[in-house]
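Asker: Provided below for reference: sequence and predicted model.
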Amino acid sequence: MSKRSPSPKLAPDCGKRVRIKSALEEEWDIANTEINSWVTVQTAKDPERGRLLPQVVSMIALLAPPETRLKLISIPESKTLFERNPGLQGVLETAMKHGDYTSVASMLSTIPEAVIDDTLDPGPSGSGRGGEPRTASGAAVLAWNCPYRGRNHVALLENINMMDREGSYSSAVSIIQSSGTGKSRMVHELADIVFTIPFNLRRSNQMEDYPPADMQVANYLCNPANFKNVQHCEECVARFFYHLFSLVVEEVKRVFGTERRPPCEVAHRWRDHMQGTNRSQLYTQVVDACEKHDPIDSSPAASKSLDTSTKFVELCAALTHLSDFPNSKDVKIILYFDEAHELCGEVPGTSQPRKTLYDIVWSSLDHFQDSAVFTIFLSTQSSISLLAPSANAARSSRQQNTKMLPAPITELPFDCHPMFPLQAGQFKLEDLGQLSFLARFGRPLFWTMIEASSENNNTVISNALRLARKKLLNADNIHAQKHSNTAMLAILDQLVTIDYEPKRELVSGVEAEMVASHMRIVFSVPDHRVYIRSGYPSEPFLAEAASRQMHHYLLKGNRVLDNRMIRILALNLNTGLIDAGQRGEVVMRILLWMAHMHAITGSMEPAALGPQLTREPNFSTGCNFLTFLRALFPECLHSLILRSRPDNNWSSHETLEEAFGDAVVRFTHFIKAADSAVVETSTMAFAFMRTCAFICHSQQKGIDIIIPILLNGSSKLVESSMSALLIQVKRRQKAGSVNAYTIDANVYNFFPQDDARPYITLVAELGVDSPKVETGKSSERSSARTKKRNINSRYSIRAYGCTDETWRVIDAAENDEYKQVLATDDFLQDHPRQNQVSKELVQAMLPHWCPTWYEDPTSSST
């Protein structure tokens, strides 16, 4: 290391002079530990050192501290580096022996990027890096070839081996998840530990598409026009697998010979073999054989003579001859079909219900009835009725027993960047606003794209953010004034989190569309598969993309009736899509988010955002807390709020403005709390890192929303630097008493004991008709009890109503719309006849207690 070590310092507990490690050296200790652990695992899987070394170089480039400024290096690039730098292998082997890779990083940093990037030059066969087909951007190829992080592929195999695979349709599963979550890469890594025959059925090979499609197979299997009827399709699919297994057996014998080896080594070598031209040539031979003997031109006897099962048995025998499988019940062969939604086309014919290509492929594979083989179908399309039907939607009698059908796999990599797990105090505020930092959270798509590229970093980040907006909208034109209702609902959902009405059939269709086309994550699919559990988790990069999109909608020249946040909410409440019981909390989150937006853009008037803002603001940088309050409340109330004093500390004369003058808030989205554990300051620091605020658990008493506050913008993000704005939301028309709705942080043990940090509470009575804002006043008297303990000064605000008189972010023209959205619950809101007479007649049928049938002069309700 060329940097000078820090001067020795005296340790506090002894007189000896000891050397204190620098921050960079501590980061290297963490990186070395992780690399050594990874090397140990990989060596156990594959003791062949020559195959391991290029992977180690890639891992060093991935995990080295940022100060080394190493670009990510793919495995094919690593192989090229060894060829061009003979001394690299010796340096690396020495480093592996001592477990310290700083010398390798130093050597890599001296190699010009142009030398590394030179491997992008197309070879004689038109291939790119390491022989990969030139059908994708360099960044996509690099990202694909970076060392894999996490154990999702191992967990997938373990789950498959634990499944009951003896019954009909039980030896196949769907992986259903949103775009960019690493579905393809996970099964590619699965192929490194179990023998796999892979297919990518995408029916196009655009430059941005990676991994490349198997066009021969896709054109043969995925085009319903290739088949005359169901019987013809069944025979063609059977013939496909017959020739596939026949040719794979021949290829296995040619590649491995007779030498026995461990199953994982066979899988690893086969996966390497099945990349590039070998895979393309094999599948071309399979399709050519199928088309040469099309069953439509053959006799029925000839078609039936093709016993696919015998060829499958031959493949199993060939693999058993090569390896000893310790557990006879474990899966030995995996087939996976990426982009499986391409099989959802209906086959010509008259059968009812109509069969799809997927049904026939699935049925053909089910004929093996052998636990040694397992099939995986991958798709972003969460059309469960097609890829994993419930009993009611099943198109086959054997599919109706849902206990036999494995529920779809949804567990994909998340928060898998090398920087995890994060530590308190690791970052300051200025570290957090970088878009490259935000991309490290959530799905792997964006951080791998950014960090794998050798192009100008700002250009790559800008392209990644534009891609995120396009994917959220499922549209190329992100600058349109409005988009589809589902697209704009997805943007709103990403920003403020929306609960949908679970009993509505419409919900399942919209959720499925959002997963397929608008980046919504599937958390779980129950065994019955009647619905999915999905949502927008905390992904700061996507939230920033959604923030910029919403800001675009609200620009003065773009504002139209249907693209305002409250209008998007109202439209979907009217359709019954959104859970009406949550409307008060959702409205409050909209008000808070808009105030944060206006505070950052510097515009306090909701309609004043003009096209003069040529550079898009970064909403993840945060803003001064007082600026946020000024954006939230009308100007006439600023003095009242900022000069307020604690209402629980009679002895304190510090105003809110003085207590929070240097404080910062930073949130672009909201995340649900699983329980009450989030109600503490230590959690606030980590939420601040993710640019999120909390939606409290439904059973949490007294608090609905928590916004983390960093008390001093120059402080490190540690527990002792944090406070919060604690919010309670009420939608009732009659205001409650002050004492009934007082929020006391000490009740929740929000702060550690003997701590005197201030905090703020806001009780928002949105349903009250008379708008006003009040601040709390202390009525406590100094006593022996209060003098003996530190008091967390509470600055309380009570806001009544939901109009422009209470909230600055509401335009006066929107008052009626907010009122309609916040209207009290009416179970007749979707009654087809909304006239008063019809509604009174329904009430007269007593759907609930109603005093329409008696008179009581002593009661005010009759």
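Answerer: The structure has been received and is ready for your questions. Numbers count the residues shown, from 1 in each chain.
Asker: any weak-confidence spans in the stretch 301-450 of the chain?
Answerer: The model of the stretch 301-450 of the chain has pLDDT under 70 over residues 301-306, 350-353, 369, 381-404.
Asker: could you do the stretch 701-850 of the chain as well?
Answerer: Ranges of the stretch 701-850 of the chain meeting pLDDT under 70: 778-790, 824-827, 829-830, 850.
Asker: please apply the same query to the stretch 51-200 of the chain.
Answerer: Residue ranges of the stretch 51-200 of the chain with pLDDT under 70: 69, 72, 74, 76, 112-140, 142.
Asker: sketch out the strands for it, chain order is fine.
Answerer: For the stretch 51-200 of the chain, the strands defined by DSSP state E, counting those that start in this stretch occupy 172-176, 195-200.
Asker: so where do the helices sit in the stretch 351-500 of the chain?
Answerer: 357-366, 384-387, 429-432, 435-438, 445-452, 457-473, 485-496 (DSSP state H, counting those that start in this stretch).
Asker: mind checking how far the host helix or strand of Arg798 is from the chain centre?
Answerer: Element membership for Arg798, per DSSP states H and E: strand 794-800. Centroid displacement of strand 794-800 relative to its chain, using CA atoms, centre = their mean, to the nearest Å, is 35 Å.
Asker: likewise for stretch 835-843?
Answerer: Centre to centre, stretch against its chain (CA atoms, centre = their mean), the figure for stretch 835-843 is 46 Å.
Asker: now do the buried residues in it.
Answerer: Counting neighbours by 16 or more other CB atoms under 10 Å, one finds that stretch 835-843 has no buried residues. Every C-beta, even on glycine, is put in place using the N, C-alpha and C of the backbone.
Asker: within the sheet, what are the partner strands of the strand holding Arg798, with directions?
Answerer: Here strand 794-800 is paired, per DSSP bridges, with strand 759-765 (parallel), strand 772-775 (antiparallel).
Asker: between the helices of the stretch 351-500 of the chain, which gets nearest to Ser524?
Answerer: helix 384-387 (12.0 Å; CB to CB).
Asker: so which of the helices of the stretch 351-500 of the chain gets nearest Thr43?
Answerer: helix 445-452 (25.1 Å).
Asker: if we can go back for a sec, could you look over the strands of the stretch 51-200 of the chain and pick the most buried one?
Answerer: Comparing the strands of the stretch 51-200 of the chain by mean neighbour count (mean count of other CB atoms under 10 Å), strand 172-176 ranks first with a mean of 26.
Asker: now that strand and helix 357-366, what's the angle there?
Answerer: 140 degrees (axes from the mean of the first three to the mean of the last three CA atoms, to 10 degrees).
Asker: let me have the strands paired with strand 794-800 in JSON lines, extended by distance to Pro198.
Answerer: Listed next are these as JSON lines, based on distance: least, CB to CB, whole Å:
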{"stretch": "strand 759-765", "distance to Pro198": "54"}
{"stretch": "strand 772-775", "distance to Pro198": "62"}
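Asker: which of those is buried the deepest?
Answerer: Neighbour counts (mean count of other CB under 10 Å) averaged over each of the strands paired with strand 794-800 peak at strand 759-765, with a mean of 25.
Asker: just the C-alpha atoms of that strand, please, in PDB.
Answerer: Output of strand 759-765 as PDB, limited to C-alpha atoms (Å, rounded to 0.1, in the frame of the first residue of the first chain):
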ATOM      1  CA  TYR A 759     -38.700  15.100  19.400                       C
ATOM      2  CA  ILE A 760     -41.800  16.400  17.600                       C
ATOM      3  CA  THR A 761     -45.300  15.000  17.500                       C
ATOM      4  CA  LEU A 762     -48.100  15.700  15.000                       C
ATOM      5  CA  VAL A 763     -51.700  14.700  15.500                       C
ATOM      6  CA  ALA A 764     -53.500  15.200  12.200                       C
ATOM      7  CA  GLU A 765     -57.300  15.300  12.500                       C
END
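Asker: that older thread, tabulate the helices of the stretch 351-500 of the chain (a markdown table), appending distance to Ile590.
Answerer: Shown next, in a markdown table, are the helices of the stretch 351-500 of the chain (distance: least, CB to CB, whole Å):
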| stretch | distance to Ile590 |
| --- | --- |
| helix 357-366 | 41 |
| helix 384-387 | 31 |
| helix 429-432 | 24 |
| helix 435-438 | 22 |
| helix 445-452 | 26 |
| helix 457-473 | 18 |
| helix 485-496 | 6 |
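Asker: follow-up on the earlier one: tell me which helix or strand comes right after the strand holding Arg798.
Answerer: helix 815-821.
Asker: can you give the contact residues for that next one?
Answerer: The contact list for helix 815-821, computed with CB atoms under 8 Å, 6 or more residues apart in numbering, reads 566-567, 569-570, 573, 583, 587, 802-804, 810.
Asker: do the same with stretch 763-777
Answerer: 584, 587-588, 633, 637, 640-641, 644-648, 727-736, 738, 741-743, 794-803, 805-806, 822, 824.
Asker: can we see that at 7 Å?
Answerer: 584, 587-588, 633, 637, 640-641, 644, 647, 727-733, 735, 741, 796-803, 805-806, 822 (CB atoms under 7 Å, 6 or more residues apart in numbering).
Asker: list buried residues within these.
Answerer: By neighbour count, with 16+ other CB under 10 Å, the contacts of stretch 763-777 hold 584, 587-588, 633, 637, 641, 644, 647, 727-731, 735, 741, 796-803, 805-806, 822 as buried.
Asker: check contacts around Met514.
Answerer: Taking CB under 7 Å, 6+ apart, one finds 486, 490, 520 in contact with Met514.
Asker: and the pLDDT at the closest residue to the last one other than its chain neighbours?
Answerer: For Arg520, the nearest residue in space outside its immediate sequence neighbours is Met514; the separation is 3.7 Å by CB to CB, 6 or more residues apart in numbering. In this model, Met514 is scored at 91, pLDDT.
Asker: what distance do you get for Met514 to Phe541?
Answerer: 18 Å (CB to CB, to the nearest Å).
Asker: ok, of the contacts of helix 815-821, which come out buried?
Answerer: The neighbour count (16+ other CB under 10 Å) marks 566-567, 569-570, 573, 583, 587, 802-804, 810 as buried among the contacts of helix 815-821.
Asker: what is the nearest of these to Lys97?
Answerer: Leu569 (61.9 Å).
Asker: check contacts around the closest one.
Answerer: Contacts of Leu569 by CB under 7 Å, 6+ apart are 492, 586, 590, 821.
Asker: which residues does the first one contact?
Answerer: Taking CB under 7 Å, 6+ apart, we find Leu492 in contact with 498, 565, 568-569.
Asker: narrow these to just the buried residues.
Answerer: Buried members of these, counted by 16+ other CB under 10 Å: 498, 565, 568-569.
Asker: farthest-separated two in those?
Answerer: So, the buried ones among the contacts of Leu492 by CB to CB: farthest apart are Ile498 and Met565, at 11.2 Å.
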